[in-house]
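Visitor: Below: sequence and its predicted model.
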Protein chains: 2
Amino acid sequence: MSQTVDRALSILPLLAEGPADLGQVADRLGVHKSTALRLLRTLHEHGLVYRQSDQRYRLGARLFALAQEAVENLDVREIAHPHLVRLNEQCGHTVHLAVYEENEVLYIDKVESRYPVRMYSRIGKPVAITVAAVAKLLLADLPEAERRVLAEKLDYPMYTARSIPNAPAFLKELATVREQGWATDLGGHEESINCVAAPIRGADGRVAAAMSVSAPNVVVTADELLTLLPLVRRTADAISRDYSGKPPKDPS
Amino acid sequence: MSQTVDRALSILPLLAEGPADLGQVADRLGVHKSTALRLLRTLHEHGLVYRQSDQRYRLGARLFALAQEAVENLDVREIAHPHLVRLNEQCGHTVHLAVYEENEVLYIDKVESRYPVRMYSRIGKPVAITVAAVAKLLLADLPEAERRVLAEKLDYPMYTARSIPNAPAFLKELATVREQGWATDLGGHEESINCVAAPIRGADGRVAAAMSVSAPNVVVTADELLTLLPLVRRTADAISRDYSGKPPKDPS
DNA sequence: CTGGTGTATTGCGCTATGTGCAACGGTCAT
DNA sequence: ATGACCGTTGCACATAGCGCAATACACCAG
């Protein structure tokens, strides 16, 4: 609601697409160059924007540092991390932790598998929301109304033949997940990768985060992976207990 | 230079420390609550700030997504990545890529070692600038004057007994590094971890990025790690060639 | 249910602050 | 040299952001 700040912040996603010079920024903002200059300068002073040698602007280092710090300060993450590591030691597969926020699901922690198969996911990266097992758990817990609205708004890209194709199918899947209290993604995102996921609940019983174990077909079949379900659920429950026990303290 | 934007942006590092409520934000900004509210609202609309269930504010998801996107669009990173992966396959150790920007050095890519020893470093995380091998390379290439000024401004935390203790020692080390064209960190950051690093140069001959191989003592001794130096330098040179060949294109 | 304290939120009048303009300066290529 | 292009500066005007004070809301105690 503050025009100046609004304009300044609009520059960030614009630069995320790639470097741009003053003129381009001013045009896309629909403001005079001198205005754009002042905004960019302010962003620059705060380190959010960097001016490279060819004078063009791109996003700056402090942005990464901020994101980094923020993610490390998330209380769920802090509490969950040791559990995730232990789980990884037990099963050897990649372990993810994700949260829902403002129509997006994103990874906030990851423990890499021990075998040399790399999955492309990264902390801070938005999750494929219509297929990922963790996303199903997080969305399944939203209030009915919100869930419906969101489901309608989403895109349903067909990553594979087994991707969830549309809103009704998605809502149906969410209902199932909600009922059973766990979720899977069997090749819905990448043909050869399967996941099992379980919810982490806060003191109020609502789902605060979700965790999953992922492994490619070449290492374990989907059925084998499913045998890990009890272990995954036990881990998630343990985290839930820790998390509910220590409600967000800040003794500042 | 724009007061409003300046204030709004000052909120971000403040929230990076942890969640805060309206009053706290207003106090620390030194503005009226109504002002703080308007700023926070604007930040919220852009997804940079999230309002959690207890009404307190913390940094939001879009921040991570932006940082993510920005890092992925860095041209050096894109060009270097396959080389880093190949190097990792050849030697098995952790490989890092870092750049210098505005008095900070930060990791922009990482390929994990294959053995189960985890180093704590993360993409986007500021590097221990006075000891890391990659930092030495990046700073050694700065213009004399800038280097001196920076060296004076820095802190020199003694992570270990072998950490570089003060500005003169650091400048001396930088001179050596500059001369020889590569750098090491032998237990200067963590007692048991050694690194060898080499510079990546742009078309203008200046150091654009630096890469390193890191391994703990328990896996290879420092001497053994040093035998990898030629390989590391060859990889860095190959990246330099690719990178100079394709100057920052954007066919937009 | 009532009174009280701690919040967040709203509306408003004042002036500081951000705005666009137009003129300047520097760089590159022809 | 000359012109085109982009970034930068100073300025006068009016908008847009500011703090104040009053209101609304939630939580707790009596």
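Guide: All right, it came through fine.
Visitor: All the strands of chain A, in order from the start?
Guide: A:49-51, A:57-59, A:94-101, A:104-111, A:183-186, A:193-201, A:207-216 (DSSP state E).
Visitor: Which other helices and strands does the fifth one contact?
Guide: Identification of packing neighbours for strand A:183-186 by 3 or more C-beta pairs under 8 Å, 6 or more residues apart in numbering or on different chains; DSSP states H and E yields helix A:133-140, strand A:193-201. No exception for glycine: its C-beta is placed from N, CA and C like everyone else's.
Visitor: Point out where the stretch 1-150 of chain A drops to low pLDDT.
Guide: By pLDDT under 70, the low-scoring segments of the stretch 1-150 of chain A are A:116-120.
Visitor: quick one on the thing from earlier: need the strands of chain A in a markdown table (columns: mean neighbour count).
Guide: Listed next are the strands of chain A as a markdown table, based on neighbours: other C-beta atoms under 10 Å in any protein chain shown:
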| stretch | mean neighbour count |
| --- | --- |
| strand A:49-51 | 20 |
| strand A:57-59 | 23 |
| strand A:94-101 | 24 |
| strand A:104-111 | 21 |
| strand A:183-186 | 22 |
| strand A:193-201 | 25 |
| strand A:207-216 | 25 |
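Visitor: Those strands: which one's closest to DNA strand C?
Guide: Across the strands of chain A, DNA strand C has its closest neighbour in strand A:49-51 (14.7 Å, C-beta to the nearest atom of the strand).
Visitor: May I have the strands that pair with that closest one, each with its orientation?
Guide: With DSSP bridges as the test, strand A:49-51 is paired with strand A:57-59 (antiparallel).
Visitor: which residues does the nearest residue to A:A61 once chain neighbours are set aside bridge with?
Guide: Take A:A61 and drop its neighbours on the chain: the residue closest to it by C-beta to C-beta, 6 or more residues apart in numbering or on different chains is B:E101, 4.4 Å away. Assessed by DSSP bridges, B:E101 has beta-bridge partners B:E104.
Visitor: Which residues are in contact with B:E101?
Guide: A:Y50, A:G60, A:A61 (C-beta atoms under 8 Å, 6 or more residues apart in numbering or on different chains).
Visitor: Serialize the strands of chain A to TSV and add fields for distance to B:D75.
Guide: Output for the strands of chain A, formatted as TSV (distance: least, C-beta to C-beta, whole Å):
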stretch	distance to B:D75
strand A:49-51	13
strand A:57-59	10
strand A:94-101	28
strand A:104-111	25
strand A:183-186	33
strand A:193-201	29
strand A:207-216	30
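Visitor: so which of the ones you listed gets nearest B:R77?
Guide: Nearest of the strands of chain A to B:R77, taken as C-beta to C-beta: strand A:57-59 at 12.3 Å.
Visitor: starting at the chain centroid, how far to that closest one?
Guide: Here strand A:57-59 is found 24 Å from its chain centre; the criterion is C-alpha atoms, centre = their mean, to the nearest Å.
Visitor: same check, this time on stretch A:182-193
Guide: Distance of stretch A:182-193 from its chain centroid, counting by C-alpha atoms, centre = their mean, is 16 Å.
Visitor: Distance across it, terminal residue to terminal residue?
Guide: 17 Å (C-alpha to C-alpha, to the nearest Å).
Visitor: Just the mean pLDDT for it, thanks.
Guide: What stretch A:182-193 shows for mean pLDDT is 95.
Visitor: Give me the contacts around that stretch.
Guide: For stretch A:182-193, contacts defined as C-beta under 8 Å, 6+ apart pick out A:119, A:128, A:131-134, A:136-137, A:140, A:159-160, A:162-164, A:177, A:194-199, A:210, A:212, A:214-218, A:222, A:226, A:229, A:232-233.
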